[in-house]
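Asker: fold the following.
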Amino acid sequence: MGNLMYAALRECKTDEEKKKLILQCLERKANAAEEDRQVVGDFKQGLEWFNTSEPLSLQGNLKGKLVILDFFTYCCINCMHILPDLEAIEERYSIQDGVVVVGVHSAKFDNEKDSGNILNAVLRYNISHPVVNDGDMTMWDDLKIQCWPTLLFVGPTGDYLVPLMGEGNRELSMMICDVALEFYKARGLISDHSLPLKPSKDSLPESPLLYPGKVELSHEGDKIAVADSGHNRILLLSLEGVVEHCVGGPDIGYKDGSFEDARFHSPQGMVWRNGDLFVADTENHTIRKIDFRQKVVSTIAGTGQMLDGKVGGGRWTDQELSSPWDLEFGGPNRNIMFIAMAGTHTIWGLFFEDGTWLKEIFHREGTCMAYAGSGKEENRNNSYPHKAAFAQPSGISAANEDALNCLFLADSESSTVRSISFKDGAVKALVGGERDPMNLFAFGDEDGKGYDVKLQHPLGVAWNRRDQRLYVADSYNHKIKSVDPVTKTCTTVAGCGQSGKVDGAPLDVVQFNEPGGLCVSPDGKKIYIADTNSNAVRVLDLDSQSVQELKVVFPTKAAAKPTSAQKVKKLVSARSPIVTVDEVDIIPGADVTVNLLISLPEGCELTEGAPTAWQVYAQDSAKESISAISPYYGKLTSLEETPNTTLNIPDSLAGSNITLRTEADVYFCEEVSGTCHRKGVAFEVSLHVGSTGQTAKETKSIELKHSFTL
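Answerer: Model (predicted):
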């Protein structure tokens, strides 16, 4: 029935048709006889929860809420693609408004059933809503869920409402929330009670690195670039681990400019060319260039928006991309940048020079297009590159020797390592998986030959010219393996198979924790490994047969611990009124005192014990929090004295235009009837900060007035 509803919604031509269909569904559910109701069963007892201080229950503390169950598995790129949609929903509707998102982690791979690994994924992907580890997929099976990701809407009394499958459902999800909230509020079924949330990010360790995804040595072998993905930055290290440049971070963002101003979002693969470092800025869907001579970051491909399609053909920054995960140069004169486009399950090429290639077709400089893969998520090999299919390619490495002349790739979701010929584009199996191209569950941990080999979600590959071996980060098996591309044999090099961080020798007792990337030194003697969940770079010495951590050292302690204002959590929903205040001119270094003058309707008082509060913070033109101005948050227990706070405008903001946003979240009750209400209001004041200060200290006072009504 749910799948039919989803199909019917997709057939609707207009929003009005969709709203009508949703309303009909809600009315049908509300009027169903008790024996005909389809009620979602509660979460199993004893499951582990994240971002909460206690378990949640559909029949307990989630009763009275419109609940969105997000069935996901953390390896899945499509599941990651809908996280911004869920963030948008949470931004628009608060828990007090009656909407709660709950992630139901339903693991594909054995490694993903481990709660410690799920916690790392929750932290790595900045998931703030509650998540439960349903390792046995009990709820998945009970509700007959068919694919990752699936969003299931559950009514405030537990009724199964509407499932939405796959990506691209943001607007439809918002519409369902709008219609359902109005419907259930009119019937008095929505509650504004809070939930026992406890952000798991509070447990993040202090570490120079946070979930590093990839590592890349310079051509000379004297510099190490690290994608410090969890800190949203790129570090350039000496061979001793000393940080020479810190580019971007720690805030999530998309911004070109100086090393200090630039912003990334979970960067991954990197490749060097002529002294410049190119970066797959994965969650910004762009390719960035780091110029170490000019010390600037620029975008060379991608628009910042996720690709809606699979072929491409645009040039440079006119062409959208989709979760680029790794980069490599190859082809004629090594003038084509290959892109592991994980989001569309394809391999792309970006031409750095005019030229002809396969079938002597001419391509202009800057052309960015699909090179191999149909876009279907499969493990399909074929002599024709566009008839082949991949499943989330996540690591690529070129072997330019005449006998090979190919691009190797780690195809993570099919748990295979495969090759693409530079000569004709033919895609061939190397190790892992099985012959059935539709089976993406042929994973395990077995050395051997060809299809007898079993890997588990490999994320990185690196070609070693010295020993003619391809080194593989077998991520979910916590091992480093090597593949002979001639004999198609695979052997374990390092790692005992248990997750952890144990250095030393012999190599079969060493432990890694989901290594995500690796690279080979120019002399072929060392393998540098981004050991993602260990928050470390590890060095595998092939001559001494040992592993040691490369300690990352910042020149100053302050640089080692990135600080950020972080994105301020809004107190009020997007539907709360916004009061705009006239622009205020102010000098750098001045203080701004904000006075909050709000009044309640006659005969009303603040609700005793309710979480009435207000906050003040600064935003730039992109609505990003400004870390130079510390935000203020305070409780409101009385309105008899005017609440106020003072913020300093630092000299570093001279010449800028900023917005000072104040929000008040107010609970009050009518004295006579006892009816209680929750109202919100936001104030936005534009501040123009002058270019020079004055000798005398200046203080500006701003009054913010609002009267609530019933």
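Asker: any idea which helix or strand comes after the one helix or strand in the chain whose mean pLDDT sits lowest?
Answerer: Lowest mean confidence among the helices and strands of the chain (mean pLDDT, DSSP states H and E): helix 557-560, at a mean of 55. Next helix or strand after helix 557-560 toward the C-terminus (DSSP states H and E): strand 578-586.
Asker: what packs against that following strand?
Answerer: Judged by 3 or more CB pairs under 8 Å, 6 or more residues apart in numbering; DSSP states H and E, the packing partners of strand 578-586 are strand 676-689, strand 699-707. From N, CA and C alone the C-beta is placed, and that goes for glycine too.
Asker: repeat that for 6 Å
Answerer: Counting contacts by 3 or more CB pairs under 6 Å, 6 or more residues apart in numbering; DSSP states H and E, strand 578-586 packs against strand 676-689.
Asker: quick one: strands adjacent to the strand it packs on?
Answerer: strand 578-586 (parallel), strand 657-670 (antiparallel) (DSSP bridges).
Asker: list the contacts of the shortest one.
Answerer: Taking CB atoms under 6 Å, 6 or more residues apart in numbering as the criterion, the residues outside strand 578-586 that touch it are 649, 682-689, 700, 706.
Asker: who wins for most neighbours among those?
Answerer: Among those, Ile649 has the most neighbours (other CB atoms under 10 Å), with 27 neighbours.
Asker: phi, psi of that residue?
Answerer: With angles defined as degrees, to the nearest 10, Ile649 sits at phi -100, psi 100.
Asker: now do Thr367
Answerer: The phi/psi pair for Thr367 (degrees, to the nearest 10) reads phi -60, psi 130.
Asker: what count of nearby residues applies to it?
Answerer: For Thr367, the number of neighbouring residues by other CB under 10 Å comes to 20.
Asker: how many neighbours does Ala399 have?
Answerer: 19.
Asker: so who does the nearest residue to it once chain neighbours are set aside touch?
Answerer: Leaving out its chain neighbours, the residue that sits closest to Ala399 by CB to CB, 6 or more residues apart in numbering is Trp463, at 4.7 Å. Trp463 makes contacts with 397, 399, 470, as judged by CB under 6 Å, 6+ apart.
Asker: how many other residues sit next to Ile145?
Answerer: A total of 20 residues lie near Ile145 under the criterion other CB under 10 Å.
Asker: go on, Gly330?
Answerer: For Gly330, using other CB under 10 Å, the count is 21.
Asker: ok, now Tyr6?
Answerer: The tally of other residues near Tyr6 (other CB under 10 Å) stands at 18.
Asker: for the helix or strand encompassing His245, name the packing helices and strands.
Answerer: Using DSSP H and E, His245 maps to strand 243-248. Applying 3+ CB pairs under 6 Å, 6+ apart, we find strand 243-248 packed against strand 233-238.
Asker: could you list the residues in contact with the strand it packs on?
Answerer: Outside strand 233-238, the residues that touch it by CB under 6 Å, 6+ apart are 223-226, 228, 243-249.
Asker: could you redo the last one with a cut-off of 8 Å?
Answerer: 209, 222-228, 243-250, 264, 267, 270, 277, 279, 290, 292, 537, 550, 552, 562 (CB atoms under 8 Å, 6 or more residues apart in numbering).
Asker: buried subset of these, written for ChimeraX?
Answerer: Selecting only the buried entries of those in ChimeraX, with 16 or more other CB atoms under 10 Å as the criterion:
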select :209,223,224,225,226,227,228,243,245,246,247,248,249,250,264,267,270,277,279,290,292,537,550,552,562
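Asker: how much space separates the residue nearest the centre of the chain from Leu600?
Answerer: The residue lying closest to the centre of the chain (CA atoms, centre = their mean) is Tyr125, at 4.3 Å. Going from Tyr125 to Leu600 by CB to CB, to the nearest Å gives 41 Å.
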